[in-house]
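>>> turn this into a model:
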Amino acid sequence: MGVFLSVDNMNLSQKLNVYSNLAYLGSGLVGMFIGGGALGLPFLLSTTFLTIGSWYYHKDIGTEYEHISRLFDEVGMYAVFSTLMFQSLGVTEIMVPLLSWVFLAWAAPFIHSFVTLGILSVIIVVGMLYNFLFTEVIVAVSIFLVGFGIRHWSNKQDGHLHDNHWGHAIWHIISSVLIGYLFMVNG
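Below you'll find the model as predicted:
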């Protein structure tokens, strides 16, 4: 088990990216035990899967396992965003997000992650606007822009084209705050 968790051969940026994924688990725990709601358990499960998938993706960058680890990371993102989407649309049946994960896991190798996450994000915002959560949408978009801006700026500073820089670790933390916020305001 130690070899699967080992980060000994990584540079500092990669280690930060690996460990900053724990923020997603924290977001899920807060959502489950403080936010609760009908989809509390699927939210916790999805953030746990994202934590593990992203942990392994960042641990495996530059290895022969990078491609498969990236798929686990993407499926984790799809699970979180689809759970948030269903919650923003008022779905309370616990099996709905779980069944969507099966489909998204099957489709992951065939779809583009940024397009899929973009579509899920738009649906989340539409659900929030439908529920008159206008201020909450502005706050969520602001959190996203701050996190994405830091990630993009650090990428330019470090000259890396990969998610192997310090700003990506900050992105993990800010995006975990964002998904936790979205879960809480939609619950």
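
>>> make it CA atoms for all contacts and neighbour counts henceforth
Noted.

>>> tell me how many other residues crowd the closest residue to Val80 other than its chain neighbours.
Closest residue in space to Val80, ignoring its immediate chain neighbours: Ser46 at 5.0 Å, by Cα to Cα, 6 or more residues apart in numbering. Neighbourhood size, Ser46 [other Cα atoms under 10 Å]: 28.

>>> from Asn21, how far off is Ser46?
13 Å (Cα to Cα, to the nearest Å).

>>> check Ala140 too.
20 Å.

>>> those two: which has the busier surroundings?
For Ala140 and Asn21, the more surrounded residue by other Cα under 10 Å is Asn21, and the numbers stand at 26 against 19.

>>> so after the lowest-mean-pLDDT helix or strand in the chain, what's the next helix or strand?
For the chain, using mean pLDDT, DSSP states H and E, the weakest element among its helices and strands is helix 2-5, scoring a mean of 49. The C-terminal neighbour of helix 2-5 among helices and strands, as given by DSSP states H and E, is helix 12-19.

>>> in that next one, which residues are buried?
For helix 12-19, burial by neighbour count (16 or more other Cα atoms under 10 Å) applies to 13-19.

>>> longest helix of this structure?
For the chain, the helix that runs over the most residues, judged by DSSP state H, is helix 134-158.

>>> give me the helices and strands touching it, please.
Here helix 134-158 touches helix 113-130, helix 166-186, going by 3 or more Cα pairs under 8 Å, 6 or more residues apart in numbering; DSSP states H and E.

>>> other residues contacting the last one?
Outside helix 166-186, the residues that touch it by Cα atoms under 8 Å, 6 or more residues apart in numbering are 13-14, 16-18, 20-21, 23-24, 27-28, 30-31, 35, 43, 80, 84, 87-88, 128, 136, 140, 143-144, 147-148, 150-155.
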